[in-house]
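Novice: Can you look at this prediction? I've put the sequence above it.
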Amino acid sequence: MLSKSSLKNLLPISLLKWQKKVRMQFYAGRAYRHLFMSKRVAKVRKAAQIKVLFIAFAPSMWKVDSLFRAMLAHPKFEVELLLAPNITISDSTERAKVLENLRIFFQQKGYNYVEWCDINGNCQFERIPKEYDIIFYPQPWPGILPQNIDFEHNWGRLLINCEYAFHSGNQNWAYNKWLQNSSWIDLYENESTHQLSCKQKDNKGINSVVTGLPIMDEFSRQSYHSPWKAQNNSCKKIIWAPHWTICDQSSSLPSYSHFLEMADFMLELAQHNTERLQFVFKPHPTLKRELYKHPEWGKERTELYYSAWKEGENTQLEDGEYVDLFMTSDAMIHDSSSFCCEYMYTGKPVLFMAKNEKLQTSLLNEMAYSAFYAQYIGHSLDDIKQFIDKTVFGTEDPKQKERAQFIKKYLIPPNGKTSAENIIQAILGQ
């Protein structure tokens, strides 16, 4: 007797694609939500315990720590953590290295985890087992996780979309992907982004919920650990966080990053100011992969460059969690839109290196646009020098009040509760 997978192999590719499209439209539709999902939700809420699965594939994208801890401590939840290889990394050695770093990351936190997929993405289960009532996904892009655990392959489940970054875009693609429409709950940080999701999504935001994002709780802790190297002198601590879009992409993202123009300058700036400046190189996790492919960089030059930052007297490389790093810094220089809102929590000055300011701001929503102009905007290497001399070391910081107002308007979770508390109450129907 033929198995399901054998039968699929006999069908034409065009028919399989049509079948997938119809199925995905059904599970993202209102009819499925009202007729089937509502019954499943009621059953789960009545259960003595709710079994929850969190999926992680990169330390830098683990933004749900406050929620994970809260659920571990809650009697209603049984929580499990699944580690997955990032299959978008083509180099198997690099992919294995990232996965091992992920293991170490959670071991240091004392979290137990399971692994179902090997380094090449081959999984022991055809789909995520039904014993898990709820599955949390860290981003809504398909094809990053191995197919068997990807959300598009686990249709019909109670999925929660808890994105790793603040919602900064204003375009349809930023809100209207399949997971954002089909998930049981799609989480938003404030009413501004929630209203935009209701306008952009095919389902009109029927599953969009304002809870705050778990990363917001991390920026509201009482204390922070400094990850900075000890220095002999009192130095100003500056983060440099370049984006990964070093070239025009074959996607919806234009080239944002100034990395190619800034790379040598920033390293030399650090090396020539060992007595007064300390730098952290905080690249987007995708940047290294893009540099490997760049004709003027390649793997060898990229590895040497990253090592120079890691081993420098007053420099270091950070590619994991960054809340403590942000909160113990003095300033940041970057071109990554997702950090525009998050760094506001520090109250510290920040310089955004804009490559095409008009284009970039045209793609931002209300919240991200406000955050963009609560920063100082730079376009040249001279702007970096002036920012350090006049603002970081000097007293010229006219945007200080603007940053404080931004926090009050956009970055405080609703209901006088933490984001984790709001999410748990949304799950339990409270």
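Specialist: Received the coordinates, thanks. Keep in mind that this is a model prediction, so the values were computed, not measured. Numbering: from 1, shown residues only.
Novice: from here on, contacts and neighbour counts on C-alpha atoms
Specialist: OK.
Novice: Tell me the secondary structure of residue 63, please.
Specialist: Here residue 63 is recorded as coil under DSSP: H, G, I helix; E, B strand; the rest coil.
Novice: Look up how far residue 421 lies from residue 211.
Specialist: Counting by CA to CA, to the nearest Å, the separation of residue 211 from residue 421 is 8 Å.
Novice: Ok, residue 225 next?
Specialist: Distance from residue 225 to residue 421, by CA to CA: 24 Å.
Novice: Between residue 211 and residue 421, which has more neighbouring residues?
Specialist: residue 211 (27 against 20; other CA atoms under 10 Å).
Novice: The residue nearest to residue 288 when sequence neighbours are not counted: how many residues sit nearby?
Specialist: Using CA to CA, 6 or more residues apart in numbering and skipping the chain neighbours, the partner closest in space to residue 288 is residue 302 (6.9 Å). Using other CA under 10 Å, residue 302 is surrounded by 19 other residues.
Novice: now swap in residue 303 and tell me
Specialist: The local packing of residue 303 (other CA under 10 Å) involves 14 other residues.
Novice: Look up which helix or strand it falls in, please.
Specialist: Per DSSP states H and E: residue 303 is located in helix 298-311.
Novice: distance between that helix and the chain's centre?
Specialist: 24 Å (CA atoms, centre = their mean, to the nearest Å).
Novice: next one: stretch 123-142
Specialist: 18 Å.
Novice: So what touches the helix or strand that residue 103 is a member of?
Specialist: In this assignment (DSSP H and E), residue 103 forms part of helix 92-109. Identification of contacts with helix 92-109 by CA atoms under 8 Å, 6 or more residues apart in numbering yields 57-59, 83-87, 89, 112-113, 119-120.
Novice: Flag the shaky bits of the protein, pLDDT-wise.
Specialist: 1-12, 15-16, 248-254 (pLDDT under 70).
Novice: so where do the strands sit in it?
Specialist: For the chain, the strands defined by DSSP state E occupy 50-56, 77-83, 114-115, 134-137, 158-161, 185-188, 208-210, 236-241, 277-281, 315-317, 331-334, 350-353, 376-378.
Novice: center of the protein, which residue is that?
Specialist: For the chain, the residue sitting closest to the mean C-alpha position, by CA atoms, centre = their mean, is residue 164 at 2.8 Å.
Novice: do you know how far that one is from residue 136?
Specialist: Separation of residue 164 from residue 136 (CA to CA): 11 Å.
Novice: which residues sit in contact with residue 367?
Specialist: 168, 192-193, 410.
Novice: among those residues, which two are most distant?
Specialist: Pairwise distances among those were taken by CA to CA; the largest, 11.9 Å, belongs to 168 and 410.
Novice: What is the burial count for residue 50?
Specialist: For residue 50, the neighbour count with other CA under 10 Å is 19.
Novice: how much space between it and residue 277?
Specialist: Computed with CA to CA, the distance linking residue 50 and residue 277 is 49 Å.
Novice: go on, residue 60?
Specialist: Applying CA to CA, the value for residue 60 to residue 277 is 25 Å.
Novice: Compare neighbour counts for these two and give me the winner.
Specialist: Neighbour tally, residue 60 and residue 277, criterion other CA under 10 Å: the higher count belongs to residue 277, 20 against 16.
Novice: Kindly confirm whether my reading is correct that that one touches residue 233.
Specialist: No: contact status for residue 277 versus residue 233: not in contact, 9.1 Å apart, counting by CA atoms under 8 Å.
Novice: Can you list the buried residues in stretch 139-150?
Specialist: 139-140, 144-150 (16 or more other CA atoms under 10 Å).
Novice: go on, stretch 104-117?
Specialist: 105-106, 113, 116-117.
Novice: Let's see the distance spanning it from one end to the other.
Specialist: By CA to CA, the extent of stretch 104-117 from end to end equals 17 Å.
Novice: neighbours around residue 241, how many?
Specialist: Counted with other CA under 10 Å, residues neighbouring residue 241 total 21.
Novice: Tell me who's in contact with residue 305.
Specialist: By CA under 8 Å, 6+ apart, no residues touch residue 305.
Novice: Distance of residue 91 relative to residue 284?
Specialist: Taken as CA to CA, the span from residue 91 to residue 284 is 18 Å.
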